[in-house]
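Q: Build me a structure from this.
(chains A and B)
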2 protein chains.
Amino acid sequence: METSSEKKKIPHMTITRLAQYLNCLSLLPREHYKEISSKELAAKIGLKPTVIRQDFHHFGGFGQAGYRYKVPNLIDGLERILGLDQKQNVIIVGVGHLGQALANYRNFEKLGLRLVGLFDINPRLIGITIRDVRVRDIDEIPGVVERDNVAIGIITTPAEAAQSTANLLAHAGVKGIWNFSPVNVAGPAGVIIQNEHLSVGMMTLSYMLKQSHPPEAQG
Amino acid sequence: METSSEKKKIPHMTITRLAQYLNCLSLLPREHYKEISSKELAAKIGLKPTVIRQDFHHFGGFGQAGYRYKVPNLIDGLERILGLDQKQNVIIVGVGHLGQALANYRNFEKLGLRLVGLFDINPRLIGITIRDVRVRDIDEIPGVVERDNVAIGIITTPAEAAQSTANLLAHAGVKGIWNFSPVNVAGPAGVIIQNEHLSVGMMTLSYMLKQSHPPEAQG
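A: Numbers count the residues shown, from 1 in each chain, chains lettered A, B, ... in the order given. The predicted structure is shown next:
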């Protein structure tokens, strides 16, 4: 976990797996898991222990076979690698069901995120308050982004509004966009886009179901 | 895409990537993309073309470098590999914001899913109708799963209720569980569990932000 090794370009799928490791470790009951081996962690996530050890190798200090990692150290290290030790201000654009679900998402704080704004175009939503945050008109996005130094904009608008919202957020100065609308959005250079597709999880489940319950011969 | 090669055990991360390819291809404007190379697809997803070609190799017919795949054939092939050509009945347990967001999710039909039931324990929700599906008490889950041959149960309950809901669904006879609660659930042998963690996407974004915008020296 040397700073120099962190600077190396890490493959995207490795980062996704590191996030899965951290997520899994954070959910372990602390009293039962003071230490964990790559084999135990692998079994919980459904990966090979060698994959986990290879991933840990990207970060120097980790990676010995048979070694039992101290869980709190592993969590701290992963949080630092993933940048979760830095607090970030976020706003949510689109206060429909998904936007409200995310606004109420208790794990935000654990991820180092502070919700500082909710925005919509619907006059019936503007003015209501969710978890002490008032819903405002999207016209107010640039002012809030500048004033509160907002790093991340979350898009939970309908598909039709997603790209224009991404443009608005990028123009306002956010550094990252987490897009939950069902279409991909593109951003100007310098803005990081994470397109989140709920359907990917369902497709994975569908595949596993097909493997374990092959359809009866038909016709 | 021979049946024999589909029977081989495919690594989990490969399946996730296949789902990402399918998702990306389905979002392409049809008029501009009749054909696509692994290089073009790789650029859109942020992977190396060799990774895509290796993944396609799992399924026989695919995989030549430089080849331009016909997009509709690729979509059909991926849908078949992932089992999305088989229609499945699903129910959602937990009709809070996230449950309602999923109930209103337009892409369900594209994934071959038919929503046949919504369940909650809250008397204020029981009886309301979302997209022509009435919210019922969770006591009615076993009857609906049996009558409608429900394959997949989606959990959008609070953390505290997630494991008991998983047990109830498994006992009722679902084959797969898609869990959106913020804790992992375990299932009896034979039931496939997909634990969905929204925080993984945010952690990935956080890492990319850290790489592109390193913090100023502090102190």
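
Q: who touches residue A:103 in this structure?
A: A:92, A:95, A:115, A:118, A:130, A:131, A:133 (CB atoms under 8 Å, 6 or more residues apart in numbering or on different chains). Any C-beta I mention is one placed from the backbone N, CA and C, and that applies to glycine too.

Q: Just those residues: which are in helices?
A: Per DSSP state H, helices hold no members of the contacts of residue A:103.

Q: Confidence-wise, which of those residues comes last?
A: Lowest pLDDT within the contacts of residue A:103 is found at residue A:131 (89).

Q: circling back to that earlier point, only the buried subset of the contacts of residue A:103, as a PyMOL command please.
A: Buried members of those, defined by 16 or more other CB atoms under 10 Å in any protein chain shown, are picked up in PyMOL with:
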select buried, chain A and resi 92+95+115+118+130+133
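
Q: any chance of the contacts of residue A:103 in JSON lines, plus distance to residue B:175?
A: Output for the contacts of residue A:103, formatted as JSON lines (distance: CB to CB, whole Å):
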{"residue": "A:92", "distance to residue B:175": "35"}
{"residue": "A:95", "distance to residue B:175": "35"}
{"residue": "A:115", "distance to residue B:175": "37"}
{"residue": "A:118", "distance to residue B:175": "38"}
{"residue": "A:130", "distance to residue B:175": "36"}
{"residue": "A:131", "distance to residue B:175": "37"}
{"residue": "A:133", "distance to residue B:175": "40"}
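
Q: My read is that residue A:186 contacts residue A:163, right?
A: Yes: look at residue A:186 against residue A:163 with CB atoms under 8 Å: they come within range, at 7.3 Å.

Q: Please identify which of the two sits among more neighbours.
A: residue A:163 (18 against 14; other CB atoms under 10 Å in any protein chain shown).

Q: which residues does the more buried one contact?
A: Residue A:163 neighbours (CB under 8 Å, 6+ apart): A:183, A:185, A:186.

Q: Can I take it that the first one is in a strand?
A: No: read with DSSP: H, G, I helix; E, B strand; the rest coil, residue A:183 is coil and lies in no strand.

Q: Apart from its chain neighbours, what residue comes closest to it?
A: Spatial nearest neighbour of residue A:183, excluding adjacent residues (CB to CB, 6 or more residues apart in numbering or on different chains): residue A:159 at 4.6 Å.

Q: so where's chain A uncertain?
A: Scanning chain A for pLDDT under 70 picks out A:1-9, A:59-65, A:213-219.

Q: how does it divide into domains?
A: A:3-81, A:88-199 (automatic domain parsing).

Q: okay, those, which one's buried deepest?
A: domain A:88-199 (a mean of 19; mean count of other CB atoms under 10 Å in any protein chain shown).

Q: Pull the distance from it to the chain's centre.
A: Distance of domain A:88-199 from the chain centroid (CA atoms, centre = their mean, to the nearest Å) equals 14 Å.

Q: Can you measure across that domain, start residue to end residue?
A: Using CA to CA, to the nearest Å, the end-to-end distance of domain A:88-199 comes to 27 Å.

Q: Residue A:69 reaches residue A:35, doesn't it?
A: Yes: using CB under 8 Å, residue A:69 is in contact with residue A:35, at 6.4 Å.

Q: for chain A, longest strand please?
A: strand A:113-120 (DSSP state E).

Q: Now do that one: which elements does it pack against?
A: Secondary-structure packing of strand A:113-120 (3 or more CB pairs under 8 Å, 6 or more residues apart in numbering or on different chains; DSSP states H and E): strand A:88-93, helix A:97-103, strand A:133-137, helix A:141-147.

Q: Output that strand as CSV, restricted to C-alpha atoms.
A: C-alpha atoms of strand A:113-120 as CSV (Å, rounded to 0.1, in the frame of the first residue of the first chain):
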residue,chain,number,x,y,z
LEU,A,113,-20.4,10.9,1.3
ARG,A,114,-22.5,13.9,2.5
LEU,A,115,-25.8,14.6,0.8
VAL,A,116,-26.0,18.4,0.4
GLY,A,117,-28.6,18.8,-2.3
LEU,A,118,-31.7,17.3,-4.0
PHE,A,119,-33.0,18.7,-7.3
ASP,A,120,-36.0,18.1,-9.5
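
Q: Please work out the angle formed by the directions of it and strand A:133-137.
A: Relative orientation of strand A:113-120 versus strand A:133-137 (axes from the mean of the first three to the mean of the last three CA atoms, to 10 degrees): 40 degrees.

Q: quick one: strands adjacent to strand A:113-120?
A: strand A:88-93 (parallel), strand A:133-137 (parallel) (DSSP bridges).

Q: does chain B sit close to the helix or strand hosting residue A:36?
A: Secondary structure assigned from DSSP states H and E places residue A:36 in strand A:35-37. No: counting by CB under 8 Å from any CB of the partner chain, chain B has no neighbours in strand A:35-37; the shortest distance is 14.6 Å.

Q: Run through the neighbouring helices and strands of that strand.
A: Counting by 3+ CB pairs under 8 Å, 6+ apart, strand A:35-37 packs on strand A:68-70, helix A:71-81.

Q: for the last one, packing partners?
A: In terms of contacts (3+ CB pairs under 8 Å, 6+ apart), helix A:71-81 is packed against helix A:12-27, strand A:35-37.

Q: Save those as CSV, and put in distance to residue A:205 too.
A: Below are the helices and strands packed on helix A:71-81 laid out as CSV (distance: least, CB to CB, whole Å):
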stretch, distance to residue A:205
helix A:12-27, 16
strand A:35-37, 26
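
Q: just so I know, which of the ones you listed lies nearest residue B:148?
A: helix A:12-27 (32.0 Å; CB to CB).

Q: on that earlier part again, same list (the strands paired with strand A:113-120) but as TSV, adding distance to residue A:31.
A: Output for the strands paired with strand A:113-120, formatted as TSV (distance: least, CB to CB, whole Å):
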stretch	distance to residue A:31
strand A:88-93	31
strand A:133-137	35
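
Q: For residue A:204, which of the ones you listed is the nearest?
A: strand A:88-93 (26.3 Å).

Q: Would you mind pulling the contact partners of the closest one?
A: Contacts of strand A:88-93 (CB under 8 Å, 6+ apart): A:99, A:102-103, A:108, A:112-120, A:138, A:141, A:144-145, A:148-157, A:165, A:168-169, A:174, B:206, B:209.

Q: can we see that at 7 Å?
A: Residues from elsewhere that reach strand A:88-93 (CB atoms under 7 Å, 6 or more residues apart in numbering or on different chains): A:99, A:102-103, A:112-119, A:138, A:144, A:148-157, A:165, A:169.

Q: now stretch A:122-140
A: In contact with stretch A:122-140 (CB under 7 Å, 6+ apart) are residues A:93, A:95, A:100, A:103, A:104, A:115, A:117, A:118, A:119, A:120, A:121, A:168.

Q: Dump those residues to TSV, plus distance to residue A:42.
A: Output for the contacts of stretch A:122-140, formatted as TSV (distance: CB to CB, whole Å):
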residue	distance to residue A:42
A:93	38
A:95	40
A:100	36
A:103	35
A:104	33
A:115	34
A:117	40
A:118	40
A:119	42
A:120	43
A:121	46
A:168	43
